[in-house]
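Undergrad: What follows is a predicted protein model with its sequence.
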Amino acid sequence: MHKKLLIIISITLLTLMSNLLFANDMDGKKIAFDRKKGNCLACHVMDDGDMAGNIGPPLIVMKARFPDREALKAQIWDATTKNSISIMPPFGKHQILSDAEIEKLLDYLYTL
Amino acid sequence: MNLLSKALITLLLISLTSVSYATPEQDKETFQSFYTERFPDISKAEFGDGVYALDQDARDQWEAMNDFPPYEDDLEEGETLFNTPFTNGKSYASCFENDGENIRQHYPKFDSKRNMVVTLELAINECRTNNDEEPLPYKKGDIAKISAYMASTSEGSEINIATPTSKGELAAYEAGKQYFYSKRGQLNFSCANCHIQNVGRKARSETLSPALGHPTHFPVYRMKWESFGTLQRRFDSCNKQVRAEPLPGQSEAYRNLEYFMTYMSNGLPVNGPASRK
């Protein structure tokens, strides 16, 4: 009886945890794709997004290209620090996305 | 390097920059050749077709749609409105040169007495108020229909805005230019970011049109609006895209912007009204 309960509890916990992880990924992707949030697809080819624009470079192999999470965050926070004539919206500086949203977005970008 | 030669170089640089301060005429040359060099296969006149000059697929669809232009009824209404006398018996024709025919290419004009830019739509409303009629709301509706009809009588005439030279003209021109190149809105874009820096690229599925030729074909009948809109209505759409506050119709900033943009398109034929997505 005790054993059965333990199994049920651990399965529930596992599902909960993977749900949480999954939700985190989904959140980041949703933030990236949503036209009212990141709308990154307006300018970047990424993941399975359709009708992407071509103003910025494709967002691929992020881990290899941005080993430093802070550098990636800086690009999203305010792209003009790196390229003074960048047209990429300053998502952090202009509060287009909150800090928490940007963190979720970063988690998602590192899956690409 | 000694102090004297440093000072000399600085002086030279200062004088160089002041010499290279561009006149409106030079601005226009640079502006137009940017596009003609970027798109060598497109003739200057064709820039008035906007994205349809750049994107053949979109052009094919557009031309098919124009077999029966979606604006025909509204354009006819514009003609009727234009020809309907005011209560005092006078007409729109009485307010304009050449009875209001074939004059689109001269607007906006600078009125040196009042020291301000006068767009065609402003002139239409002033014609009304001078004849004891109520002014029409700007940007859409009857004013856009009347303006569309007036534009249609200028078909093929080249845009011909007098080069700004007086102090007042230059101030209005510079203000319009400044507006065009300044970043605004939460998303932090200038008109130039999209229509110069990224012309021809895609924002999502939308090709970004050249700013050369923007004013030639307005008012535009947009499928999205299901009606005519003036150039200033389109400014609103672009301002909303970047989450900037749209400005009231015929506000000083919009009139100056229209003045700058239209002068940049001098020499292109009027080809309005036109249809757009």
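TA: Good, I have the coordinates.
Undergrad: Looking at the closest residue to B:T207 other than its chain neighbours now. What's its pLDDT?
TA: Nearest non-adjacent residue to B:T207, counting by Cβ to Cβ, 6 or more residues apart in numbering or on different chains: B:V51, 4.5 Å away. Yep, even glycine has a C-beta here, placed from its N, CA and C like the rest. The per-residue pLDDT reported for B:V51 equals 97.
Undergrad: Return the residues in contact with B:V51.
TA: Contacts were defined as Cβ atoms under 8 Å, 6 or more residues apart in numbering or on different chains; by that measure B:V51 touches B:A58, B:E206, B:T207, B:L208, B:S209.
Undergrad: near chain A, which residues of the stretch 101-250 of chain B show up?
TA: Residues of the stretch 101-250 of chain B found near chain A (Cβ under 8 Å from any Cβ of the partner chain) are B:186-189, B:193-194, B:197-198, B:201-206.
Undergrad: just to revisit the earlier point, biggest separation within the contacts of B:V51, which pair?
TA: Comparing all pairs in the contacts of B:V51 by Cβ to Cβ, the longest separation belongs to B:A58 and B:L208, at 12.3 Å.
Undergrad: out of those two, which sits in the busier spot?
TA: B:L208 (21 against 18; other Cβ atoms under 10 Å in any protein chain shown).
Undergrad: Just the strands from the stretch 1-150 of chain B, written as ranges.
TA: Under the criterion DSSP state E, counting those that start in this stretch, the stretch 1-150 of chain B carries strands at the ranges B:109-111, B:116-118.
Undergrad: Number of residues surrounding residue 108?
TA: In the absence of a named chain, chain A is used. Other residues near A:Y108 number 23, with proximity taken as other Cβ under 10 Å.
Undergrad: if you could check chain B rather than the one you did, that'd help
TA: Using other Cβ under 10 Å, B:P108 has 27 other residues around it.
Undergrad: do the one 4 residues further on as well
TA: The burial metric for B:S112, expressed as a neighbour count using other Cβ under 10 Å, is 11.
Undergrad: so where's the stretch 51-200 of chain B uncertain?
TA: Low-confidence segments of the stretch 51-200 of chain B (pLDDT under 70): none present.
Undergrad: where along it do the helices fall?
TA: Using DSSP state H, counting those that start in this stretch, the helices found in the stretch 51-200 of chain B span residues B:56-65, B:72-83, B:120-130, B:142-152, B:167-181, B:191-192.
Undergrad: just those: most buried one?
TA: Most buried of these by mean neighbour count (mean count of other Cβ atoms under 10 Å in any protein chain shown) is helix B:142-152; its value is a mean of 25.
Undergrad: Counting by contacts, list what that helix packs against.
TA: Under the contact criterion of 3 or more Cβ pairs under 8 Å, 6 or more residues apart in numbering or on different chains; DSSP states H and E, helix B:142-152 touches helix B:72-83, helix B:120-130, strand B:227-229.
Undergrad: need those in a markdown table with distance to B:R243, can you?
TA: Below are those laid out as a markdown table (distance: least, Cβ to Cβ, whole Å):
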| stretch | distance to B:R243 |
| --- | --- |
| helix B:72-83 | 30 |
| helix B:120-130 | 26 |
| strand B:227-229 | 20 |
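Undergrad: Of those, which is nearest B:K139?
TA: B:K139 lies closest to strand B:227-229 among the helices and strands packed on helix B:142-152, at 6.2 Å (Cβ to Cβ).
Undergrad: List of residues touching the following helix or strand past the closest one?
TA: Toward the C-terminal end, the helix or strand that comes next after strand B:227-229 (DSSP states H and E) is helix B:231-241. Residues from elsewhere that reach helix B:231-241 (Cβ under 8 Å, 6+ apart): B:119, B:121, B:138-140, B:144, B:184-185, B:187, B:189, B:191, B:194, B:214-215, B:218-220, B:225, B:245-247, B:249-250, B:254, B:257-258, B:261.
Undergrad: Restricting to C-alpha, output helix B:231-241 in PDB.
TA: This file holds the C-alpha atoms of helix B:231-241, laid out as PDB (Å, rounded to 0.1, in the frame of the first residue of the first chain):
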ATOM      1  CA  LEU B 231      -1.000  60.400 -46.700                       C
ATOM      2  CA  GLN B 232      -1.400  61.600 -43.100                       C
ATOM      3  CA  ARG B 233      -3.800  58.600 -42.400                       C
ATOM      4  CA  ARG B 234      -0.900  56.400 -43.500                       C
ATOM      5  CA  PHE B 235       1.500  58.200 -41.200                       C
ATOM      6  CA  ASP B 236      -0.800  57.200 -38.400                       C
ATOM      7  CA  SER B 237      -0.700  53.500 -39.400                       C
ATOM      8  CA  CYS B 238       3.100  53.600 -39.400                       C
ATOM      9  CA  ASN B 239       3.300  55.500 -36.100                       C
ATOM     10  CA  LYS B 240       0.900  52.900 -34.500                       C
ATOM     11  CA  GLN B 241       3.100  50.100 -35.700                       C
END
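Undergrad: In strands, which of the contacts of B:V51 fall?
TA: Taking DSSP state E, the ones among the contacts of B:V51 that sit in strands are B:E206, B:T207.
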